[in-house]
Every structure is written in structure tokens, then in C-alpha cells.
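Asks: show me the folded form of this:
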Amino acid sequence: MIGAGNQDGADNRMFIPDGTLCAQVACAAETPEEISQTAWDKDNRSAVNAPQMDGLSVLCPERKETNGDKEMLKIEANNDNLDAVNEFVDAFLEAHDCPMKTQMQIDLCVEEVFVNIASYAYGDGTGDAEIHISEEDGVVTLTFIDAGTPYDPLKKADPDTTLSAQERQIGGLGIFLVKKTMDAVSYCYEDGKNVLTMCKKIK
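Replies: Below you'll find the predicted structure:
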């Protein structure tokens, strides 16, 4: 929502009915930051000859969808958003009476996957990650989707855990932990997006 006040005979209308709606429609598939910037630009154009009496504020919440036992969070793939991702996943698990030990195992895998997306998927740029979570017959399924560089982490050879930390090659331990912790892990590249899915029985 954006509000604007001005002087010099302007009509002092709030920028809600037309401008904000136009901004949402114009970039409905974009990130919250891009939607906010579009709305900001439209508001500035609409008040180009009118000094502001007070500040402008832009609010664009993250999208969270719920459909029965399925939920989805779309969020910027940024390490700073890890807490929000964990809260989203934990709320779902707690609502489905997931044992604490299993929840902690899932949280560890969620952190590994999301941090990898945030750190490497978009290189020096930015982009979104979608986290889908569902439960059926006591099995929780988590799917991570990003539009970054194609990369199948499951192709990386498992580290030789019989070697010491100094002897092992760098990397690969995180996804190895995910494969060992979850009951099933799969990857595909579909419609220009990386799709990593993992399942865990909670009941």
C-alpha cells in the first residue's frame, strides 16, 4: 500500500485504487522488491508536480499459499531469510505433530538446501526460492525451486567419511548429510528451474 499527500491544490488522493493495483498486475510474477519499486515509480510520476507533505511507504508482503495439507513460501534467496524459512517449515511440522527429533533433522536439511541456493544459485545476482511442503500418510515432502544456474547436487560423489577431515576433498558433506537424513531425495531441471525434492516419514 502506498499513501501520498501533497500541497498546491492537489487532490490529496491515496494511491490505492488504481496505482497499486496496476503495479501488482504489471509485475505479478516478480519479487516483492520489484513490485514495490514499480509501485514507487508510479506514485512518483503521479505526484511529480506536488511536493510531499509527509513520507511515502511501500509494503509488499511475501506470498504464502495454503491448500489443505500443502503450503508454499516464495521468498528471496538470501541467507538473511533463513530464519523465515525455518519458521515456515517448523510451523507446518508442529501443526502435524512432528516429533522434535525428526523436526530437528528436517531443519538441518532445510538449512543446508536453502543456504546452498542463497549462496550459489544466482551467482552475484539475486532471485527467489520457492519452498513447498506437504504431508500425506505421515510423510512430509519438501520441494525447493529456484531459477538459478542449473545444478544437480546429487551428482556430486559422496565424501569418503573413512578419511580424516584433512584428507577428504572439500565440499559435498552437506548434501551427503541430506541424503543420509531424509528418506528420499531427488532432483530435476524443469521449465528452466532447479527442483530438489526430499521426503521424511514423521509418523
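Asks: C-alpha from now on. contacts and neighbour counts both.
Replies: Noted.
Asks: so who does residue 150 touch?
Replies: Residue 150 makes contact with 121, 189, 192-194 under the criterion CA atoms under 8 Å, 6 or more residues apart in numbering.
Asks: swap in residue 115?
Replies: By CA under 8 Å, 6+ apart, the residues touching residue 115 are 78-79, 82.
Asks: read off the pLDDT value for it.
Replies: Predicted confidence (pLDDT) at residue 115: the value is 94.
Asks: swap in residue 11?
Replies: On pLDDT, residue 11 comes in at 53.
Asks: just to revisit the earlier point, any quick ChimeraX command for the buried ones out of the contacts of residue 115?
Replies: Of the contacts of residue 115, the buried ones can be selected in ChimeraX as follows, counting by 16 or more other CA atoms under 10 Å:
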select :78,82
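Asks: could I get the contacts of residue 115 as CSV with distance to residue 131 and secondary structure?
Replies: Compiled in CSV, those are given as follows (distance: CA to CA, whole Å; DSSP: H, G, I helix; E, B strand; the rest coil):
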residue, distance to residue 131, secondary structure
78, 13, coil
79, 14, helix
82, 12, helix
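Asks: how about the contacts of residue 115 in JSON lines, adding distance to residue 88 and pLDDT?
Replies: Conversion of the contacts of residue 115 to JSON lines gives the following (distance: CA to CA, whole Å; pLDDT from 0 to 100):
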{"residue": "78", "distance to residue 88": "15", "pLDDT": "95"}
{"residue": "79", "distance to residue 88": "15", "pLDDT": "94"}
{"residue": "82", "distance to residue 88": "10", "pLDDT": "96"}
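Asks: from the contacts of residue 150, pick the one nearest residue 142.
Replies: The shortest distance between residue 142 and any of the contacts of residue 150, using CA to CA, involves residue 194 and amounts to 13.6 Å.
Asks: secondary structure element for that closest one, which one?
Replies: Under the criterion of DSSP states H and E, residue 194 resides in strand 193-201.
Asks: which strands and helices lie in contact with that strand?
Replies: Other elements packing on strand 193-201 under the criterion 3 or more CA pairs under 8 Å, 6 or more residues apart in numbering; DSSP states H and E are strand 139-146, strand 184-190.
Asks: any chance of CSV for the ones you listed, columns mean neighbour count and distance to residue 93?
Replies: As requested, the helices and strands packed on strand 193-201 are exported to CSV (neighbours: other CA atoms under 10 Å; distance: least, CA to CA, whole Å):
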stretch, mean neighbour count, distance to residue 93
strand 139-146, 21, 8
strand 184-190, 15, 18
